[in-house]
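J.: just coords:
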Ligand SMILES: Cc1cc2nc3c(=O)[nH]c(=O)nc-3n(C[C@H](O)[C@H](O)[C@H](O)COP(=O)(O)O)c2cc1C
């Protein structure tokens, strides 16, 4: 048997599954608290499934669908987003209900063929503002292209004020018994939601703002995303957070991310952190890039105005793990930050030069002071760090 069906309201069920086995989301982002793939089932006059789940969870998912539908057939499958963590069980659903009609937009149609070689005669193509009449409910579709795939779209049930929001308003973390926002402590989970946003959606923040603005004209009482919890008590909470993240709203705070093999650069990072605290700066976090996955560093620095990057030199360049962080920061289009740099070298250097190039290319605001120590830091380097702390404090406080 499957798990007990969870009713959201009359004729609407939650069909999410928890994945605590996958170590890395998209084989890249660590999942210490797992992730949920959410799907929803409407069982009014017509039956309609909203997305599916990752293929590794298809047995559990299909059992749950069958447990709710019993001997009813499935009339529609709406595909809001075709990334495989949501589309992976489409073939199993089609095997079970071969007559169902698939609902998606023009891009969904071609991607369905690309990924599953399904060019269904039963495909219903919808565009911006189109409606699907399910008898007792009507769904209106809104395209949210590039948040975060080209075919991404949402649907809205105006009468019941429900938004099926696909990845938008989602987060990392499984739904541990608590499915609804009023059943869990969002403050505890917030950092995992932010890590999801900044690393999965962050690059597309401009499009996310556009989508949020478009949806803001809708009266929304319940948000049903495909990751994370269902928002029925305070949907405004997650809308506010997503808006904050998508508009790069930053607060006072500093992230110092350093790369160090033998402790010389690390010492400078700790010294700078101490000087910042003495300047009255609050919310300072120091990360060793070799220890902390970049997704945590990016998530942490997203809301803090100052980012300081420090690296030892390795074969004439910045340390490779730091180079990876720089690449991901570039990819995620970090903005609105004051970025400062420092480092240590043994003979001809290279790391600080690369860090400066990163600052220039990203057109970041920066501090005048750059500290580059030969080997262990000396008095003048120490003075430089003290000065850097003053300049950062002046810019962010
Ligand atoms: C494998 C290796 C490669 C290095 N390559 C360079 C280099 O190309 N140029 C340079 O100036 N220093 C180079 N160094 C020296 C380090 O940058 C220097 O020792 C620095 O102080 C190390 O900082 P850390 O203690 O924070 O690791 C290298 C050191 C190691 C161990």
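T.: Thanks, I have the structure now. Keep in mind the model is a prediction, meaning the values are calculated, not measured.

J.: The stretch 201-350 of the chain: strands as residue ranges?
T.: Along the stretch 201-350 of the chain, the stretches classed as strands by DSSP state E, counting those that start in this stretch are 222-225, 251-259, 284-288, 304-314, 317-318, 338-345.

J.: Excluding covalently adjacent residues, which one is nearest to residue 310?
T.: residue 258 (3.8 Å; Cβ to Cβ, 6 or more residues apart in numbering). Using the backbone N, CA and C atoms, a C-beta is placed for each residue, glycine as well.

J.: Near the ligand, which residues of the stretch 201-350 of the chain are found?
T.: 260-266, 312-316, 344-350 (Cβ under 6 Å from any ligand atom).

J.: on that earlier part again, the residue nearest to residue 310: neighbour count?
T.: Using other Cβ atoms under 10 Å, residue 258 is surrounded by 27 other residues.

J.: quick one: contacts for it?
T.: Applying Cβ atoms under 8 Å, 6 or more residues apart in numbering, one finds that residue 258 lies in contact with 265-266, 268-269, 286-289, 309-311, 322.

J.: repeat that for 7 Å
T.: 265-266, 269, 288-289, 310-311 (Cβ atoms under 7 Å, 6 or more residues apart in numbering).

J.: Which residue comes closest to the residue of the stretch 1-150 of the chain found nearest the ligand once chain neighbours are left out?
T.: Relative to the ligand, the nearest point of the stretch 1-150 of the chain is residue 30 (24.7 Å; Cβ to the nearest ligand atom). Nearest non-adjacent residue to residue 30, counting by Cβ to Cβ, 6+ apart: residue 293, 5.3 Å away.

J.: So what's the residue count around the one you found?
T.: Applying other Cβ under 10 Å, we find 19 residues neighbouring residue 293.

J.: For the remainder of this discussion, apply numbering that starts at 372.
T.: I'll keep to 372 as the first residue from here, and by that count the last item is residue 664.

J.: what separates it from residue 399, distance-wise?
T.: Separation of residue 664 from residue 399 (Cβ to Cβ, to the nearest Å): 9 Å.

J.: What of residue 721?
T.: From residue 721 across to residue 399, the span is 27 Å (Cβ to Cβ).

J.: Same question for residue 741.
T.: Taking Cβ to Cβ as the measure, residue 741 and residue 399 are separated by 31 Å.

J.: Just the buried residues of the contacts of residue 629.
T.: 636-637, 640, 659-660, 681-682 (16 or more other Cβ atoms under 10 Å).

J.: In a markdown table: these, plus pLDDT.
T.: A markdown table is the format used below for these (pLDDT from 0 to 100):
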| residue | pLDDT |
| --- | --- |
| 636 | 98 |
| 637 | 98 |
| 640 | 98 |
| 659 | 98 |
| 660 | 98 |
| 681 | 98 |
| 682 | 98 |
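
J.: what's the closest of these to residue 516?
T.: The shortest gap between residue 516 and any of these belongs to residue 660, at 33.5 Å (Cβ to Cβ).

J.: So that closest one is in contact with residue 689, correct?
T.: No: under the criterion of Cβ atoms under 7 Å, residue 660 makes no contact with residue 689, lying 10.3 Å away.

J.: between residue 741 and residue 399, which one's more packed in?
T.: residue 741 (16 against 12).

J.: The closest residue to the more buried one other than its chain neighbours bridge partners, please.
T.: Among residues not flanking residue 741 along the chain, residue 712 sits closest, at 5.6 Å (Cβ to Cβ, 6+ apart). Under DSSP bridges, the beta-bridge partners of residue 712 are residue 680.

J.: Isn't residue 712 up against residue 730?
T.: Yes: counting by Cβ under 7 Å, residue 712 touches residue 730, with 6.4 Å between them.

J.: of the two, who's got more company?
T.: Using other Cβ under 10 Å, the more surrounded residue of residue 712 and residue 730 is residue 712, with 26 against 20.
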